[in-house]
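# Prediction below, plus the sequence it came from.
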Amino acid sequence: MNKLVNKTLIAAAVATTMMSGSAFAASHSESITVVSWGGAYTKSQAEAYHKPWMAETGNTIVSEDYNGGLAEIKAQVEAGNVTWNVVDVELSDAIRGCDEGILEVMDHSTLPDGDNGVPASEDFLPGALVECAVGNIVWSTVFIHDESKIQGVDGLTDFFDLGKFPGKRGMRKGAKPNLEFALMADGVEPADVYELLSTDAGIDRAFAKLDTIKDSMVWWESGAQPPQLLADGEVTMTTAYNGRVFNAIASEGKPFVINWDGQIWDLDLWVIPKGAPSQEATMDFVKFSTGTKPLADQASWIPYGPLRKSSFGLVGSFHDKPELDMAIHMPTAPDNFKRALQNDFEFWADNADQLNERFNAWLTK
Amino acid sequence: MTTANPSIDQTDTLPLKQKLAKTTAIQRRRAFLLTLPLVLFLLISFVFPIGQMLFNSMHNDKVSGVVPKFAVAIQSWDGQGLPSEEIFEIFVKDLAIAKKVREVGRTAGNMATRINYEMPGSRSLFTKSARKVGKITEGPYKEALIKLDKKWANPQVWLTLQRASHDISPSFYIAAMDMKYNEVGEIVQADELYQIYLNNFVKTMWLAALITFICVLLAYPVAYLLAILPLRQSNLLMIMVLLPFWTSLLVRTTAWIAILQTEGVINDLLVYFGVIGEDGRIQMIYNQTGTIIAMVHILLPFMVLPLYSVMKTIQPTYMRAALSMGSKPFNAYRRVYFPLTIPGLAAGTLLVFILAIGYYITPALVGGQDGLLISNLIAYHIQKSLNWSLGAALGAMLLVVVLIFYWIYNRLIGIDKLKFG
């Protein structure tokens, strides 16, 4: 009996402590879930955004990975059970999600000025602030090869030249942005790509170009795969996200080469799923992480270009290699930007369904 | 018959009968109560979701939910030329309200997505116009809307809207059968370059049949060995059969990647022993071959176990009797042993075939471009394109295919004869 009483007392004491503990937590710190693309990219965000924000506010961040797309956000919002606070999405998904009403509208007037005093509306690059999102970085899809195995890769045409460089090719599974690559390799200028893709003849031409390497193709889905495929020798060349490749080169010493010819660049943005909990802390994180300094800091972890002009001057060197200047590895560096195409979100919002259907049919034939 | 002469023995038998009925009723109820958790579980996790899926495959209210008054009004349009000014006015006003309210699932973007399925490329027409439609405050609305974007003068937009205004429609089944509506609203075959689902259904069934056949070839001798070996050896063998069951599906699939890839174990060995050259490495994964190998391995136990359980019960004396009466071994096997194993064989084939037809993870990981099954396309529509209605329609078709096979099977072999283990 005595024992039982003792046990009850202890339990009660524990319960009280826990309750007061949780009450404390509720009033002073919150936990938010930040979702991004994983790997080196999430690591760069954790170092530049999450850690300083947690140190400053005392809040905690749970970091989750995903492979892009709106499926999870849509499911959470429609089920009325939103657990993600902030999600890193591509521009086309930010626009589409906003149109479908599954994202919170963002008040851009609350974003902080740049460190040089320029208001946010002028500090951000054009297109970085959209109705339901705040942009953070410019990233790019490029094609890469392993210099220890092949030399003399000249431009995007070589990616499609199996005679000159035999071996497998890796590409992201889906119509975007492979159709653009195919047309540019076929000699179309970046400025004409989307106009041509809006015609049946242009689509046929893109698929015809892809046909020439179809039998040598390996398809990847998550951004971490292509550097791995190249390292394993599964492919001779592959398209990849420039930041991840850079990290494989800089941190792991891989002999990879980034070919900037015909790069296709896009924005990544923060969005908040509609009805996400802890709105205040969430918005605070968005404001903090898109400030001048965090954006510039992120660039020392991964070569994705900050979207604030005030951050440009602060971009330094790789975090643990002072000799590695990051600015020249950005997609927007003048040398890399000679033949570049911006992904057209509106074209893909209109045509993704149809072109992916054709792409899937093409794949299985 | 008791009603014919109710007087006979009534006093004696009725109470007894009643008593018996009462006790058996209680017993039955108790027995039913025991199954209640299972019944509830099946209802919640099986019947309800499938019902929901069937409903979703036909039901889509993304037009009537966004522009409710218009969805009613457009039905009076005869489809000639453009709808009347009055209908345009209702449309503009409905759209402006939807834009202002921004309710989840009821936005112009939702409607745009729905129309874009049937009229590719029209999505931005809706989303762009919705952003500006608030500015149109007075008539003539038709003119104002067409001034906003001249695509509104295309009758196909309005035909598609009229069709999609019905909440219940067959349009997702039409898409799932590689057909589409043309400019004037007739159902036609989709362009060959866009046909994907029917071919994939056929391929899925063909692959499932092939996998089942290979499983039979591999499992039959193993099960026979298991059944005739002494207990010690057969136990060991049994563990080897069951071992894959205890390992995670993902681990097994990735193990196959390590073994089969072009830089993998098998290719390395072949190159080492000089069977093939360094350039001649064989592609065994990320294609149909990879899907077949990995799925046969994963589904094999489902064939071995029912076969084994049936073979275990077959008396060796039957075969001895047949042989002693002068039958040749093969004939004895064919006419005595084999027919006795049919219940297990049938159960195994049914299990493996139905599991294979809906398999998802393995082909997704090792299927590459030509090893994808219909379930991967369904997953694509649920996860990527977010066209849940089309995914549901494909799922419903898959369900029908499975039910048809089940029915044929029942007719050929009889489901009550199956022995699963």
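Perfect, I can see it now.
# Can you give me the neighbour number for the residue in the stretch 201-350 of chain A that chain B sits nearest to?
Across the stretch 201-350 of chain A, no residue is closer to chain B than residue A:350, which sits at 4.7 Å (C-beta to the nearest C-beta). In this view, the C-beta of every residue, glycine as well, is placed from N, C-alpha and C. Residue A:350 has 21 neighbouring residues, counting by other C-beta atoms under 10 Å in any protein chain shown.
# and it, what is it in contact with?
Applying C-beta atoms under 8 Å, 6 or more residues apart in numbering or on different chains, we find residue A:350 in contact with B:116, B:120-124.
# Surely residue A:268 is in contact with residue A:93?
No: when contacts are counted by C-beta atoms under 8 Å, residue A:268 is not listed as touching residue A:93 (9.9 Å).
# wait, is residue A:261 part of a strand?
Yes: using DSSP: H, G, I helix; E, B strand; the rest coil, the assignment for residue A:261 is a strand.
# Could you tell me how many residues sit around it?
19.
# what sits against the residue nearest to it when sequence neighbours are not counted?
Leaving aside its sequence neighbours, residue A:261 sits nearest to residue A:155 (C-beta to C-beta, 6 or more residues apart in numbering or on different chains; 4.1 Å). Taking C-beta under 8 Å, 6+ apart, we find residue A:155 in contact with A:259, A:261-262, A:339.
# Equivalent analysis for residue A:196, please.
Applying C-beta under 8 Å, 6+ apart, the residues near residue A:196 are A:183, A:188, A:202, A:205.
# now swap in residue A:332 and tell me
Taking C-beta under 8 Å, 6+ apart, we find residue A:332 in contact with A:138, A:265, A:305.
# who does the last one bridge with?
Per DSSP bridges, residues listed as beta-bridge partners of residue A:305: residue A:138.
# isn't it right next to residue A:137, touching?
Yes: if you go by C-beta under 8 Å, residue A:305 and residue A:137 touch, sitting 6.1 Å apart.
# Show the pLDDT at residue A:208.
Per-residue confidence (pLDDT) for residue A:208: 97.
# quick one: it from residue B:190, how far?
Residue A:208 sits at a distance of 20 Å from residue B:190 (criterion: C-beta to C-beta, to the nearest Å).
# is chain B contacted by the helix or strand containing residue A:229?
According to DSSP states H and E, residue A:229 maps onto helix A:225-231. No: for a cut-off given as C-beta under 8 Å from any C-beta of the partner chain, helix A:225-231 has no contacts with chain B; the smallest distance is 10.1 Å.
# which element follows that helix toward the C-terminus?
Next along from helix A:225-231, by DSSP H and E: strand A:237-241.
# who does the closest residue in space to residue A:177 that isn't next to it in sequence bridge with?
Nearest non-adjacent residue to residue A:177, counting by C-beta to C-beta, 6+ apart: residue A:264, 4.5 Å away. Taking DSSP bridges as the rule, residue A:264 bridges to residue A:141, residue A:341.
# Please work out how many residues are found near residue A:264.
Per other C-beta under 10 Å, the neighbour tally for residue A:264 reads 23.
# Quick check: residues of the stretch 1-150 of chain B near chain A?
So the stretch 1-150 of chain B meets chain A at B:102-110, B:112-113, B:116-117, B:120-124, B:127, B:130 (C-beta under 8 Å from any C-beta).
# Filter these down to the ones in helices?
Among the residues of the stretch 1-150 of chain B next to chain A, the ones falling in helices (DSSP state H) are B:108-110, B:112-113, B:116-117, B:123-124, B:127, B:130.
# which one among those residues gets closest to chain A?
residue B:109 (2.7 Å).
# contacting residues around the closest one?
A:96, A:98-101, B:126-127, B:130.
# Quickly name whichever of those residues is closest to residue B:97.
residue B:130 (10.6 Å; C-beta to C-beta).
# how close does the closest one sit to residue A:131?
12 Å.
# what about the residue nearest to residue B:227 when sequence neighbours are not counted, neighbour count?
Of all residues not flanking residue B:227 in the chain, residue B:311 sits nearest, at 3.7 Å (C-beta to C-beta, 6+ apart). Residues near residue B:311, counting by other C-beta under 10 Å, number 20.
# which stretch of helix or strand covers residue B:311?
Going by DSSP H and E, residue B:311 is in helix B:288-313.
# ok so, going back, out of the contacts of residue A:155, give me the one that has the most neighbours.
In these, the most neighbours by other C-beta under 10 Å go to residue A:262, 26 neighbours.
# so who does the nearest residue to that one once chain neighbours are set aside touch?
Spatial nearest neighbour of residue A:262, excluding adjacent residues (C-beta to C-beta, 6+ apart): residue A:156 at 3.7 Å. Contact partners of residue A:156, counting by C-beta under 8 Å, 6+ apart, are A:143, A:181, A:184-185, A:259, A:261-262, A:339.
# Quick check on residue 270: phi, psi?
With no chain named, the answer covers chain A. phi -90, psi 130 (degrees, to the nearest 10).
# before we move on, back to that, of the contacts of residue A:196 - the most surrounded one?
Most surrounded of the contacts of residue A:196: other C-beta under 10 Å gives residue A:183, at 25 neighbours.
# Not counting the host helix or strand of it itself, show me its contacts.
Using DSSP H and E, residue A:183 maps to helix A:178-185. Helix A:178-185 is contacted by residues A:143, A:156-157, A:159-160, A:171-172, A:190, A:193-194, A:196-197, A:202-203, A:205-207, A:209-210, A:239, A:262, A:264, A:339, A:341, A:343, A:355, A:359 when judged by C-beta under 8 Å, 6+ apart.
# buried subset of these?
A:143, A:156, A:159-160, A:171-172, A:190, A:193-194, A:196-197, A:202-203, A:205-207, A:209-210, A:239, A:262, A:264, A:341, A:343, A:355, A:359 (16 or more other C-beta atoms under 10 Å in any protein chain shown).
# Stretch A:144-153: which residues count as buried?
A:144-146, A:150, A:153.
# Farthest pair within the residues you listed?
A:144 and A:150 (11.2 Å).
# overlap in contacts of these two?
residue A:237.
# Could you double-check that residue A:298 lies in contact with residue A:137?
Yes: in this structure, residue A:298 is within contact of residue A:137 by C-beta under 8 Å, at 7.0 Å.
# Overlap of the contact sets of those two?
A:304, A:306.
# roughly how far apart are the closest residue to chain B within chain A and residue B:135?
Proximity of chain A to chain B (C-beta to the nearest C-beta) peaks at residue A:99, 2.7 Å away. When distance is defined by C-beta to C-beta, residue A:99 is 18 Å away from residue B:135.
# what do you get for residue B:364?
47 Å.
# These two - which one has more neighbours?
residue B:364 (18 against 9).
# which SSE is the spatially most central residue of chain A in?
Central residue of chain A (C-alpha atoms, centre = their mean): residue A:268, 5.2 Å from the mean position. Taking DSSP H and E as the criterion, residue A:268 maps to strand A:256-271.
# Likewise for residue B:161?
helix B:155-164.
# Please list the residues outside that helix that contact it.
With C-beta under 8 Å, 6+ apart as the test, helix B:155-164 has contacts from B:60, B:62-63, B:70, B:74-75, B:77, B:79, B:81-83, B:114-115, B:118-119, B:122, B:125, B:151, B:169, B:171, B:181, B:183-185.
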